[in-house]
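1. this is a predicted model, with the sequence first.
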Amino acid sequence: MTRILGVDLGTERTGLAVGSFGVAHPLTVVEAREVDDIVAQVARHARDEGASAIVMGLAVGLDGREGQAANRQREVAALIEHATGLRVHLWDERLTTAEAERALTGAGMGRRERRAVVDKIAATILLQSYLDAQASRGAS
């Protein structure tokens, strides 16, 4: 079974999701600001989950250009690849956090409750988008 770890990199919190059999599920939120801590925790979760690859969000603006956070995301992705030996696929994260916020608000969650889980939900949406794209490529 192929398992893929999804990563929604943030400045304070990083959301993680795991996917297998074409379905993504929320995993956890890493509460870390230092890049070394984030990389170590992502590597640990990748190992614990038996991930064969990692998908990390890439900040792309609505105009299709990479956003300000993209350089940091590329740097962290390279560090994660080095730490894990796994390929990190960068994937357009456009509007994933907004979509996660809408879904959680629609489910009746308050601001404090949303803050605790929005990052892992965004990682799940990101990873599901990647898995869906891979499945449609295989179906054509």
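-> Yep, that arrived. Numbers count the residues shown, from 1 in each chain.

2. distance from the chain centre to the top helix by length along the chain, please.
-> If you go by DSSP state H, the chain has its longest helix at helix 111-139. How far helix 111-139 lies from its chain's middle: 7 Å, per C-alpha atoms, centre = their mean, to the nearest Å.

3. before we move on, what about stretch 19-26?
-> For stretch 19-26, the distance to the chain centre is 12 Å (C-alpha atoms, centre = their mean).

4. kindly report the same for stretch 46-55.
-> 12 Å.

5. show me where this protein has strands.
-> For the chain, the strands defined by DSSP state E cover 3-8, 13-20, 23-31, 53-58, 88-92.

6. just for this structure, where's the confidence low?
-> 1, 95-98, 100-101, 104, 114-116, 139-140 (pLDDT under 70).

7. same thing but at 80, please
-> 1, 62, 67, 94-118, 138-140 (pLDDT under 80).

8. how close does residue 51 get to residue 129?
-> Using C-beta to C-beta, to the nearest Å, residue 51 is found at 17 Å from residue 129. Just so you know, the C-beta spots here come from the backbone N, C-alpha and C atoms, and that holds for glycine as well.

9. er, residue 33 I mean
-> For residue 33, the distance to residue 129 - C-beta to C-beta - is 26 Å.

10. which one's more surrounded, those two?
-> For residue 33 versus residue 129, neighbours defined as other C-beta atoms under 10 Å are more numerous around residue 129 (20 against 11).

11. the residue nearest to the more buried one when sequence neighbours are not counted: neighbour count?
-> Closest residue in space to residue 129, ignoring its immediate chain neighbours: residue 91 at 6.8 Å, by C-beta to C-beta, 6 or more residues apart in numbering. Neighbourhood size, residue 91 [other C-beta under 10 Å]: 19.

12. check residue 88 too.
-> Under the criterion other C-beta under 10 Å, the count of neighbours that residue 88 has is 23.

13. hang on, the earlier thing: so which of the strands of the chain comes closest to residue 80?
-> Evaluated over the strands of the chain, closeness to residue 80 peaks at strand 88-92, with 5.3 Å, by C-beta to C-beta.

14. packing partners of the closest one?
-> strand 53-58, helix 70-84, helix 111-139 (3 or more C-beta pairs under 8 Å, 6 or more residues apart in numbering; DSSP states H and E).
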